[in-house]
Each structure stands twice: as C-alpha cells, then as structure tokens.
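Okay, sequence plus prediction incoming.
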Amino acid sequence: MIEQLRPGASAERARVALFDFDGTLSVIRSGWVDVMVPMMVEILADLKSGESEEQLTAIVKEYVGRLTGKQTIYQMIELRDHVRRRGGNPADPIEYKHMYLDRLWDRIKDRVQELKDGRCSPEKYLVPGSLPLLQALKERGLKLYLASGTDEIYMKEEARLLGLNPYFDGGIYGALDDYKSFSKAILIQRIIKTAEAGGDQIVGFGDGYVEIENVKQVGGVTVGVASDEPHCQQVDEWKRQRLINVGADYIVPNFNCHADLLARLFPQ
C-alpha cells in the first residue's frame with residue numbers, strides 16, 4: 001500500500017538516494033523505543049516532581065520522537081535538560097547514552113548473534129522488499145548513501161551482517177563521539193557542495209522526523225517508512241502522522257510495493 005501525499009511528486013531527476021538505517025531498512029534494533037522511554041521515565045520519576053508516570057511518559061515520548069533520526073546523544077542531552085529543570089543533578093549525556101546502549105544490547109544481542117552464526121537469513125531483520133528496492137535504484141544509476149543516528153561502529157557491523165554494504169557506494173555513516181562533526185544535514189550539504197547532486201536531485205527514505213525534514217529542506221522528494229516494527233506489514237499510525245507533518249511525499253509500511261513505488265517516483 002502506497003499513500004501518495006503530494007500529487008506528481010517525482011524523483012525522475014534524482015541522482016542520489018539517501019537512506020536512514022534503523023526502522024527504514026534494518027529491524028535489528030526494533031523495540032529500542034521501549035528501552036529508551038522507560039529508562040528516561042525511571043530517571044525523571046526518581047526526582048519526585050509530582051508528575052505522574054503517564055505525564056512523564058508523554059513528555060519523554062514527544063522529545064524522543066522529535067529527535068528520532070538524529071544521533072542518540074541528542075535524546076540524552078534532552079534528558080539531561082529535563083532532569084536539570086526538575087532540580088536534579090544530571091549525569092553527563094554520554095553516561096545516559098551508555099546506560100541506554102547497555103539495556104538495548106540485552107534486547108538485541110541474540111539477534112546479532114543469530115546473524116553472525118548464519119542461523120537466519122538477513123531478510124529476517126530487513127524491512128520487507130529492501131534489497132529489491134536498493135537493487136532497482138542502483139540499476140537506475142543512483143548513488144546510494146546510508147546514514148544513521150546509531151553509533152557508526154555498531155551500525156556498520158549491522159549493515160554488513162544484513163548484506164547492505166554492496167549497495168551503498170556513496171558510503172555508510174553513523175554517529176560519532178564528536179557528535180557535532182556529523183549529521184544527516186551535514187552529509188546532504190556535502191553531497192550538494194561536491195556537485196554530486198542538487199538538493200532537488202536527492203530522494204530520501206526514512207522512518208524518522210529528521211531525515212525527511214533534512215531532504216525536504218533542500219527540495220528533495222521523500223518516502224516515509226511508517227513500519228509497524230518488527231513485522232513491518234502495516235502502517236504505524238503514530239509514525240505516519242509524524243512523517244506527514246514533516247512533509248513526506250509518500251508513506252509506505254514496507255518496500256514490497258517497490259515496483260509501484262518506483263513507477264511513481266520515476267514516471268518516465
């Protein structure tokens with residue numbers, strides 16, 4: 001099922017495709033929100049601010065969603081600020097990030113090991129239709145980039161396990177310790193400045209607010225992936241609404257519709 005939000009939205013001039021990783025192609029980290037949000041609510045609840053758990057959960061979900069697609073550290077910086085506002089003595093955002101990554105690893109380590117051992121096909125942890133879509137874009141001559149808010153050291157290994165490396169001749173990029181030195185917006189500007197493509201020659205694919213916004217800001221066309229992880233068979237309404245609000249041109253639950261999607265993106 002494809003929802004086309006802007007009639008005539010076309011990528012026929014596109015020379016570059018920019019993909020987000022988690023939730024767009026990979027579901028290895030599916031459920032990360034269910035790790036991050038409770039951790040943050042727990043930290044804020046300990047401050048005894050008088051807010052209910054439901055109120056704190058709503059606050060945390062809002063900023064976690066708003067910052068999805070940016071480096072994880074930005075969500076931890078926001079947590080630090082919320083602790084400070086409630087009179088607490090916050091830890092360094094890096095400490096919060098390590099706490100989160102430790103908890104997330106407990107959730108996903110068996111998935112990673114399963115892939116390393118070859119006990120499952122990479123397709124088990126890919127959004128359905130991902131590989132045919134990537135292959136078709138390559139065959140059209142587009143240069144593909146993969147960019148993630150997940151730490152580069154982890155996401156590069158996960159991309160390798162999923163067999164994605166051969167498709168991304170533009171490179172695979174993740175979050176760095178020096179978080180201000182890289183972002184999806186910085187990568188897009190680099191692509192434009194090196195004359196690989198104008199902003200209106202970029203087509204972006206993502207399930208988060210940030211990558212859709214970044215591509216739209218330079219005049220590109222965007223496909224919002226509102227996948228109900230981990231099965232990715234139906235549209236997740238919360239994701240869908242956020243992607244619509246930031247200007248996605250198309251909404252899909254997965255890439256099983258890649259032939260129809262490509263026919264709409266490249267009508268000629």
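Done, it's in. Numbers count the residues shown, from 1 in each chain.

which stretches of the stretch 1-150 of the chain have low pLDDT?
Within the stretch 1-150 of the chain, not a single segment meets pLDDT under 70.

mind listing the helices in it by residue range?
33-45, 53-67, 72-85, 93-116, 130-139 (DSSP state H, counting those that start in this stretch).

Report the inter-axis angle for the second one versus helix 33-45.
Note on geometry: by axes from the mean of the first three to the mean of the last three Cα atoms, to 10 degrees, helix 53-67 and helix 33-45 are set 120 degrees apart in direction.

Can you give the contact residues for helix 53-67?
Outside helix 53-67, the residues that touch it by Cβ atoms under 8 Å, 6 or more residues apart in numbering are 33, 36-37, 40-41, 44-45, 51, 74-75, 78-79, 82, 209-210, 238, 242. C-beta here means a position set from N, CA and C on the backbone, and glycine is covered the same way.

Buried ones only from these, please, as a ChimeraX command.
Selection command for ChimeraX covering only the buried members of the contacts of helix 53-67, criterion 16 or more other Cβ atoms under 10 Å:
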select :33,36,37,40,41,44,51,74,75,78,79,82,209,210,242
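
Please give me every residue in contact with Glu114.
Counted by Cβ under 8 Å, 6+ apart, Glu114 has contacts Cys120, Lys124.

thinking again about what came up before, I'd like the helices of the stretch 1-150 of the chain as CSV, with distance to Asp228 appended.
CSV is the format used below for the helices of the stretch 1-150 of the chain (distance: least, Cβ to Cβ, whole Å):
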stretch, distance to Asp228
helix 33-45, 13
helix 53-67, 15
helix 72-85, 22
helix 93-116, 18
helix 130-139, 16
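
Can you tell me which of those helices is nearest to Val225?
Nearest to Val225, of all the helices of the stretch 1-150 of the chain, is helix 130-139, at 9.7 Å by Cβ to Cβ.

List the buried residues for the closest one?
Ser130, Leu131, Leu133, Leu134, Ala136, Leu137, Lys138.

want to try CSV for those residues, with distance to Ser227 as columns?
Shown next, in CSV, are the buried residues of helix 130-139 (distance: Cβ to Cβ, whole Å):
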residue, distance to Ser227
Ser130, 11
Leu131, 16
Leu133, 13
Leu134, 16
Ala136, 19
Leu137, 18
Lys138, 22
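
Closest one of those residues to Gly220?
Leu137 (14.1 Å).

residues contacting the closest one?
Shown in contact with Leu137 (Cβ under 8 Å, 6+ apart): Ala17, Leu144, Leu262.

Run a quick neighbour tally on the first one.
Spelled out, it's Ala17. For Ala17, the neighbour count with other Cβ atoms under 10 Å is 27.

who does it bridge with?
Beta-bridge partners for Ala17, by DSSP bridges, are Leu144, Val203.
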